[in-house]
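Undergrad: One predicted model, sequence on top.
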Amino acid sequence: MTVLPGLVLNLSARVAEAETTVTIGDQGAPVTVAVPPGWVTRWSPLQGNTVVVTSPDAVLTISITATGADGARAFADASRDAGAIDDPVTEELGSGLSVVHARSGDDALIAAVGVPDGARSATVVAHAAAEDLEQYLPAVGHILDGLHVSS
């Protein structure tokens with residue numbers, strides 16, 4: 001029955017006709033993400049705190065999860081789940097949010113975005129084939145810039 005979660009996820013698929021803001025998680029303090037035109041958004045009623053966005057060519061898949069943890073803890077949890085990672089880098093996004101990110105192998109990038117010292121954040125896991133991920137890093141950056149985390 002491993003097919004069922006995939007079917008449920010695909011039932012919720014929506015293609016953004018214009019840049020679309022998607023709300024993830026608790027309505028009282030949600031995480032939102034700006035999804036570019038042509039990208040596909042999927043979310044599961046079984047995981048209301050996670051949305052998956054896919055590039056128009058279906059090469060890049062980005063899973064975004066709203067968490068109740070600060071960015072450092074959320075990154076530690078996500079990177080532990082991902083296995084071996086490169087040394088993390090911390091940067092400030094144009095929005096003023098902080099992002100910590102690192103590569104996980106050749107085919108994934110793990111990140112956590114949040115208000116510095118805030119109690120909420122979003123984890124981001126981007127996947128593409130090893131030969132494709134590098135060229136999709138600007139698209140990942142665009143998604144990261146489009147995240148808003150309520151404190």
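TA: Good, I have the coordinates. Everything numeric here is computed off the predicted structure, so don't read it as measured data.

Undergrad: Show me what the longest helix seen in the chain is packed up against.
TA: When the chain is parsed with DSSP state H, its longest helix is helix 130-145. Of the remaining helices and strands, those touching helix 130-145 by 3 or more C-beta pairs under 8 Å, 6 or more residues apart in numbering; DSSP states H and E are strand 31-35, strand 61-67, strand 108-114, strand 121-127. Every C-beta, even on glycine, is put in place using the N, C-alpha and C of the backbone.

Undergrad: could you redo the ones you listed as TSV and give each row mean neighbour count?
TA: As requested, the helices and strands packed on helix 130-145 are exported to TSV (neighbours: other C-beta atoms under 10 Å):
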stretch	mean neighbour count
strand 31-35	22
strand 61-67	22
strand 108-114	25
strand 121-127	25
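
Undergrad: what would the ones you listed look like in JSON lines with distance to T41 and mean pLDDT?
TA: Output for those, formatted as JSON lines (distance: least, C-beta to C-beta, whole Å; pLDDT from 0 to 100):
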{"stretch": "strand 31-35", "distance to T41": "5", "mean pLDDT": "92"}
{"stretch": "strand 61-67", "distance to T41": "10", "mean pLDDT": "93"}
{"stretch": "strand 108-114", "distance to T41": "18", "mean pLDDT": "93"}
{"stretch": "strand 121-127", "distance to T41": "14", "mean pLDDT": "93"}
